[in-house]
Structure formats: C-alpha cells, structure tokens
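Trainee: my questions are about this predicted structure, shown below with the sequence.
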Amino acid sequence: MVICPVRRDAVQLNSVTIPTSVRFTRRRTDTMEVVHVYTKVRSAFGRQCLFSDRPAELLVDVLPDPSLGRQFVHKSPRDQALQACPDVSLHQVNTERVEFSSCGMNHVEGGWPKDINPAELEQTIRFRKKVEKDESYIHSILHLGSVMEHCIRQNNAVDIYQEYLEEEEEVEENQELPFAKTINVFRDPNEVKRTVTGLSWHPDSGRKLAAAYSCLEFQKTSKDMSLDSYIWDVENPNVPEMTLTPASPLVCLDYNPKDPHTLLGGSYNGQIGHWDTRRGSQPVEVSSVEQSHRDPVYKIIWLQSKTGTDAFSASTDGQILWWDVRKLSEPTDRLVLDLGREGNLDRALGASSLEFEATMPTKFMVGTEQGVVVSCNRKAKTPAEKIVCSYDGHHGPIYALQRNPFYPKNFLTVGDWTARIWSEDIKESSIMWTKYQMSFLTDACWSPIRPSVFFTVKMDGVLDVWDILFKQNDPTLSLKVCDNALYSLRVQDNGRLVACGSQQGEVTLLEICSGLSTLQKNEKSLLAAMFERETKREKILEARQREMRLKERSRSEQSRDEEGGREEGEESPDQLIIRAEKDFFSMVEAELKKRREKEDEQNQEKVVSKGKEVKAEAET
Amino acid sequence: MAEVEETLKRIQSQKGVQGIIIVNSEGIPVKTTLDNSSTVHYAGLIHQLVMKARSTVRDIDPQNDLTFLRVRSKKNEIMIAPDKDYFLIVIQNPSD
C-alpha cells in the first residue's frame, strides 16, 4: 500500500505553491481500488482566528449577609484529633548471601588439661603416671575389672549370639480350617439333562476334562436325549471345547495317558469307541456290536503296553474284555468273572468297576455288582487261573475301586453306604472302613499327592474329603456341591483340582486348600505305619477266627460221632427266615411307637405353650 | 598399684581379649594395650557413646544408672564398664 500526496490544482501565489486541494489516494496493487476523495477549497475553511486582549469585567458580586450569621453558634475551643507519630516506611532489602555448610569436627584427643600439651609425649606420660597413682583410680579399676571379667568369661563360656535351633524348620501349625472352593461349573448344554457318569482329566496339562453323559436309570432315556459327550476346557465353562458323538450314550471314558489326543469310551449298548480329538467328533473306530459287551460298559481303562494301544473294559454282563485299539472289531481276550472258575456266564458276577495300576501291569482288580472285589492276574495261562482271589465286603455294587498311588498294596473301595480300605493280604475283611453314611456313596478316588487323603461323593450331593491321618471317623471336609446326587469324581494329577459330576449333568470343578493338597512331613511313614497296624490287627483277628472255627468243627465232629447226627438246635432255613422277619418287624414297630410317643409329647408341649401365649395376649 | 596391674593382666590373658583401654571422664586414655591411634580413636568415640547411653538410661528412669554396655559387632565385641570417673573398655573376639 502506498500513500502519496498528489498535488493537483496548485495555485501559484508569489512563487509559493499552496496546494488548494489535497487528495490522498490509496494504491493497492493486488485488489480493487476503492477511492473516496474529500475535496474542499481553502477559503471554505473559514476565517482564521484572530485573538485580542480585553480588560476584566465584573460579572457577580455577592456581599456577606450578617443576618445569616445568627443561624450559627460560635464554638471555641475545638477538638480536633491529630496523629503525631514518626513517619515510618516499609522497606525490603535483600542482604548479601552468606553460604553455610555443615561439617563435623573430629575431636581427636580429648580433654587434656590446659597446661599439658598433647603433642608432647613426656608431658602426657607424666600426666598418665599421675593418674595411675590416684586412689580413686585404683579403686574404680579394681571394681570395674571384676565386672568385666565376669562378662568376658560369660562370653567365653557360651556364645550367646549363636544361631540355635537352626535345622528345625518352623512347623507351620495349619490353623486354618480346610476348605475347598468351587472354581467352575460346567452345565450340560442340552435340554434334557443327563447324568455325568464318567470323568477323565487330560493327562498332560489338566486343562481339559472329558465328561461322559448318559442316563443310567432304568428305562428313563427319552427320545430327545442327546447322545453326545463333551470335552470341556477348564477355563471356558460356557461352551464345551469338543463334542464326542457316539452311537449310544457313553457311560465311561478314559484319556490315553501316553497320547493325549486319543480317548476310549464305553457306551450304554456295550460298544467301545475310539476317538481322536484331532479327527473330530465321530469315533475313529467302534467295536462291533456282536463282539462287545451285552450290558453297558461301566469302566474302560488303557493299559500299559509296548504298543500303547491296549485297553480293557468291564461290564455288568460279567465279562472283562481286552481290546487293541487298532482293531476294535473283536476283543483280543476275554475273561468271565465266574468265581467258580468255570467261565460260566450265567453265574458270572457283573462288573461295576475296574482297577489297573501301571506299576503292577500284570494284576488288576474288578469290583462287582454283588459287592465282591475280584483280583485277577493277567498273565495266567489258563482262564481258571486268571482269577486269583476275591474280597467280599460290601452289601451292594462296588462303584469305585482304586489302589493307593503310594501304597499299591492297599486299595479303596466304595459301595453301599461305606468306603473301605483293604490290604491285599487280608481277604476276610477290609482293614479300615468308614461308618455307615447317610446316603449312598457313588464314587471315590485317592489324592495323587497326599497318600492319606481320599475323596468320596454321595447321592445327597456332598463331596467328602477324608484324611485318615487326621480323623478316621468323619470326613475332614464335607462340602455340599449341589442339590442333586453326585455320580462321578476325578482328581487331577496335581491334587488340587477335583471335578465331580452330578445327576443333572453339571460338572463342578473345585479347588482344594493347600493343607489338603501338599504333602505333610512324615506323612508317608505315618500312613505306612497305620496300614501295617490295621493289617496286623486284621490278620490276628483272622487267625483267631480260623482257630475258633477249627475248634468248632472238631467239636461238632466229635458230637456227631457221639450222637449220630441229631438235628437238635438246628433250625431249617425257613424257620430262620420266619424268626428273622418276626424280629425285624417287632423292632420296627417298637421304633415307630417310640417316635409316635415323642411326637405326641411335642404336640402337647406346643399346645400348652400356645395356650399360654393366648392367655398372655388376653391379659394385656 | 600392683593390684591394678594384676587385674589388667588377668583380663588380658582371658581367651579372645584383643585389647584393654582405660579412659578417664574427660576422654583421655590413661592406660592401653593397643597402639596409640586406635586407642585415641576408641577413646573418643566410646566416650560419647557412653555419655549418650547413660543419659538415655537416666532419662527414662532417674533412679536408674548405666552399669555395663556391650556392643556386639560382626567381628568382635566391645565391652564397656563405666564408673564415676573412669571407663574400662575391653575388645574381645568371642569364642567361635
């Protein structure tokens, strides 16, 4: 923008150029020029001002009016406050900076009296000598000396600062009560809920759990019931990780301990199915119907073999079948659980559980429906020799059978209302047993970490944790897991996670507190001692019984010889039955009567107390 | 005089005793079995420590007084027996 006066219309007046108009223009080089011109002739500005002096003239003169003065009063003296103080001003000044530093002084040689120069040796020696002659010095040193000697001797006698009791680790008194908390619940995604009849943990990680679902109740299977069984991932309870679709619902299944991708499942119709999780939900191979079991397969276990493909299964049709998974069309071997060792299927005992311990590959045990545990030898030459011995202890089917992982000579069985621990050597009875529980026990297993702990599940939905070193009469921990019955139980290999399956298809995953899942000191030896003690006790009892029986027999033989077979004192079985019935009914009736009387008493009390209440109300 | 010597000798002969220092109330080491620089070092420091300890004890209970002070360190133990006018300091390496 350039401003420049442009001279125009200049009037020449005596060689002085007076511009008559002035025009300013704005020159814009980049935009449109907007120009407004103000033009006025010089003469139009008007005459210039000419000033002149003038004398002053009086405009107003107001004289004082004395009459107004009468409105005022003369006041004298007058008070007027004045402040007389020295003038003070506030002023700020910054002084010169002074630097400080903290330093210590080392007093090297203290307190020498003024006259003595510490540097001079002679003077100091003289001073010292003088002090030594001082009586108080002698006196105090003697006293102090004796005190000091005492302490020195003390030090020498006993090292009071030594670390004592170093090796003994602090025995942690586990003050906290044992507990177990539920981590996850896996529910059957189908509409119709089925019972979880079998559980198996993934062998490597323990992150996966395979559950077999079926309905074991007689003729309760509905048409809509799904046939599937699931593999769950522990972290994800909402959706099963994988589905297994057999032709008939699976009653039991087992992961291959050597190959975590393969599983074997035994189904309701007696067939065995082999699955590979890499290959999908359909079984890789299924055994043929004719060659399989005739009843549901209650337990199937992988065996330890060179090929790693052997397994065996048990069913209530009385057979134990061995299979090679490469060829499931027919079993490799068959055993009929006939105690008469004749292989007679009609008299065979139905098998309801199976046990195999990898450390004892030639022996295995079968729990039967009749309450007998049969111990068998795999490598026997003739089928008759396969069955070694039997243990009779339970009144009902044996639902679980497991050897103690630390002491394989002792095994745990569960059936009817008790859990029993047996020793292999004692065939007459179990060495330890729990008292009769309130409901049926359905499954049990030992803890893989602690040899004295085992878990049981009952039909009232309670999971019991028993620690036989701590308490034998009652479970150490009793947890109500769910409202319906629990049917299966499996402990994971680390001993901390327990999975239990219920009747409505729920698998509950619990974590056991560390007190019950860490090995305690001396536990193994204490437990071994306990087992030995109980075994010995049983042995002694057995021996005594045998003695008594022998005596009886010899006595009865003698008496028979003498009297020639009189039937005195012997009742026929019918009469025995009648007597037993009579006793039973009389006992039941007595019990009922007692109960009724108690109820009546209670009712009467209630009536009386109610009457009192009513009276009290009426009074107030 | 001789008894003092005897006492000190007896103390010196005990097992583990490394040195003895007798300090008066002004902090002057009167008698010592260690070399001069260590003696002076010990005397100066311990004197202050004893004063502090004594004042602590008397502060808590004026009727009370300090009778013995033991300073246990990793390498040895310094035992101080205070009196009205003098202290007896013994450095011992306890038996181990």
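Mentor: Everything's here; your move. Numbering: from 1, shown residues only, chains lettered A, B, ... in the order given.
Trainee: any idea how far the residue sitting nearest the centre point of chain B lies from A:E597?
Mentor: Nearest to the mean C-alpha position of chain B, by C-alpha atoms, centre = their mean, lies B:I89 at 1.8 Å. With distances taken as C-beta to C-beta, to the nearest Å, B:I89 is found 92 Å from A:E597. In short, each C-beta sits where N, CA and C put it, glycine included.
Trainee: if we can go back for a sec, am I right that the residue nearest to the centre of chain B is in contact with B:I46?
Mentor: Yes - between B:I89 and B:I46 there is a contact at 5.7 Å, judged by C-beta atoms under 8 Å.
Trainee: now the strands for the stretch 151-300 of chain A?
Mentor: Ranges of strands in the stretch 151-300 of chain A, per DSSP state E, counting those that start in this stretch, are A:180-186, A:195-201, A:208-214, A:229-233, A:242-244, A:250-255, A:262-267, A:272-276, A:285-286, A:297-302.
Trainee: also chain B?
Mentor: Ranges of strands within chain B are B:17-24, B:29-32, B:69-72, B:77-82, B:86-92, based on DSSP state E.
Trainee: A:I300 is nearest to which of those strands?
Mentor: Among the strands of chain B, the nearest to A:I300 by C-beta to C-beta is strand B:69-72 (70.4 Å).
Trainee: kindly export that closest one (C-alpha atoms) in PDB.
Mentor: Output of strand B:69-72 as PDB, limited to C-alpha atoms (Å, rounded to 0.1, in the frame of the first residue of the first chain):
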ATOM      1  CA  LEU B  69      27.400 -51.600  77.900                       C
ATOM      2  CA  ARG B  70      28.100 -54.300  75.300                       C
ATOM      3  CA  VAL B  71      28.500 -53.600  71.600                       C
ATOM      4  CA  ARG B  72      28.400 -56.700  69.600                       C
END
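Trainee: buried ones in that strand?
Mentor: For strand B:69-72, burial by neighbour count (16 or more other C-beta atoms under 10 Å in any protein chain shown) applies to B:L69.
Trainee: within the sheet, what are the partner strands of it, with directions?
Mentor: strand B:77-82 (antiparallel) (DSSP bridges).
Trainee: which secondary structure state does the most centrally placed residue in chain A sit in?
Mentor: In chain A, the residue lying closest to the centroid (C-alpha atoms, centre = their mean) is A:E511, at 4.0 Å. Three-state call for A:E511 (DSSP: H, G, I helix; E, B strand; the rest coil): strand.
Trainee: buried set for the longest helix along chain B?
Mentor: Taking DSSP state H as the criterion, chain B has its longest helix at helix B:36-60. Using 16+ other C-beta under 10 Å as the test for burial, helix B:36-60 gives B:39-40, B:42-44, B:46-47, B:50, B:53-54.
Trainee: touching, A:P405 and A:W446? I think so.
Mentor: Yes - using C-beta under 8 Å, A:P405 makes contact with A:W446 at a distance of 5.8 Å.
Trainee: who's more crowded, the two?
Mentor: With neighbours defined as other C-beta atoms under 10 Å in any protein chain shown, A:P405 and A:W446 compare such that A:W446 has more, 24 against 17.
Trainee: tell me the contacts of that one?
Mentor: Neighbouring residues of A:W446 by C-beta atoms under 8 Å, 6 or more residues apart in numbering or on different chains: A:402-405, A:412, A:453-455, A:491.
Trainee: one more pass at 7 Å, please.
Mentor: Applying C-beta atoms under 7 Å, 6 or more residues apart in numbering or on different chains, we find A:W446 in contact with A:402, A:404-405, A:412, A:454.
Trainee: any idea how far A:C252 is from the residue of the stretch 451-600 of chain A found nearest chain B?
Mentor: Proximity of the stretch 451-600 of chain A to chain B (C-beta to the nearest C-beta) peaks at A:K521, 31.6 Å away. According to C-beta to C-beta, A:K521 stands 37 Å off from A:C252.
Trainee: in terms of neighbours, single out the busier of these two.
Mentor: Counted by other C-beta under 10 Å, A:K521 and A:C252 do not tie: A:C252 has more neighbours, with 27 against 10.
Trainee: contacts only, for the more buried one.
Mentor: A:197-198, A:212, A:265-266, A:297-300.
Trainee: any chance of these in TSV, plus neighbour count?
Mentor: Shown next, in TSV, are the contacts of A:C252 (neighbours: other C-beta atoms under 10 Å in any protein chain shown):
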residue	neighbour count
A:T197	27
A:G198	27
A:A212	30
A:G265	27
A:G266	34
A:V297	33
A:Y298	25
A:K299	26
A:I300	28
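Trainee: out of the strands of the stretch 151-300 of chain A, which is closest to A:Y38?
Mentor: strand A:229-233 (93.8 Å).
Trainee: other SSEs contacting that closest one?
Mentor: Strand A:229-233 is packed against strand A:208-214, strand A:242-244, with contacts defined by 3 or more C-beta pairs under 7 Å, 6 or more residues apart in numbering or on different chains; DSSP states H and E.
Trainee: what helix or strand is A:A580 located in?
Mentor: Per DSSP states H and E: A:A580 is located in helix A:573-619.
Trainee: hang on, A:A499 in a strand?
Mentor: Yes - membership of A:A499 in a strand is supported by three-state DSSP.
Trainee: that older thread, out of the helices and strands packed on strand A:229-233, which comes closest to B:Q18?
Mentor: The closest of those to B:Q18 is strand A:208-214. By C-beta to C-beta, the value is 69.7 Å.
Trainee: quick check: mean pLDDT of that closest one?
Mentor: The pLDDT scores in strand A:208-214 average 87.
Trainee: ditto for stretch A:281-291
Mentor: Stretch A:281-291 carries an average pLDDT of 84.
Trainee: show me what contacts A:A247?
Mentor: A:267, A:271, A:286.
Trainee: I only care about those residues that end up buried; give me the PyMOL line for that.
Mentor: Buried members of those, defined by 16+ other C-beta under 10 Å, are picked up in PyMOL with:
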select buried, chain A and resi 267+271+286
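Trainee: hmm, back to that, how about the strands of chain B in TSV, adding mean pLDDT and distance to A:A351?
Mentor: Compiled in TSV, the strands of chain B are given as follows (pLDDT from 0 to 100; distance: least, C-beta to C-beta, whole Å):
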stretch	mean pLDDT	distance to A:A351
strand B:17-24	89	84
strand B:29-32	87	94
strand B:69-72	90	74
strand B:77-82	90	77
strand B:86-92	90	80
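Trainee: quick one: the ones you listed as TSV, columns for distance to B:A2 too.
Mentor: Converted to TSV, the strands of chain B look like this (distance: least, C-beta to C-beta, whole Å):
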stretch	distance to B:A2
strand B:17-24	16
strand B:29-32	14
strand B:69-72	28
strand B:77-82	21
strand B:86-92	18
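Trainee: among those, which is nearest A:V366?
Mentor: strand B:69-72 (71.0 Å).
Trainee: check what pLDDT residue 25 gets.
Mentor: All of this refers to chain A. Note for A:T25: predicted pLDDT of 50.
Trainee: that's the other chain; I wanted chain B
Mentor: For B:S25, pLDDT reads 84.
Trainee: enumerate every residue touching the residue lying closest to B:F87 once chain neighbours are set aside.
Mentor: Computed as C-beta to C-beta, 6 or more residues apart in numbering or on different chains, the closest residue to B:F87 that is not its neighbour in sequence is B:V23, at 4.8 Å. For B:V23, the contact set (C-beta under 7 Å, 6+ apart) comprises B:29-30, B:43, B:47, B:86-87, B:89.
Trainee: closest to A:L177 among those?
Mentor: When the contacts of B:V23 are compared for distance to A:L177 (C-beta to C-beta), B:I89 wins out at 57.1 Å.
Trainee: that closest one pairs with what?
Mentor: Following DSSP bridges, B:I89 is listed with bridge partners B:I21, B:I80.
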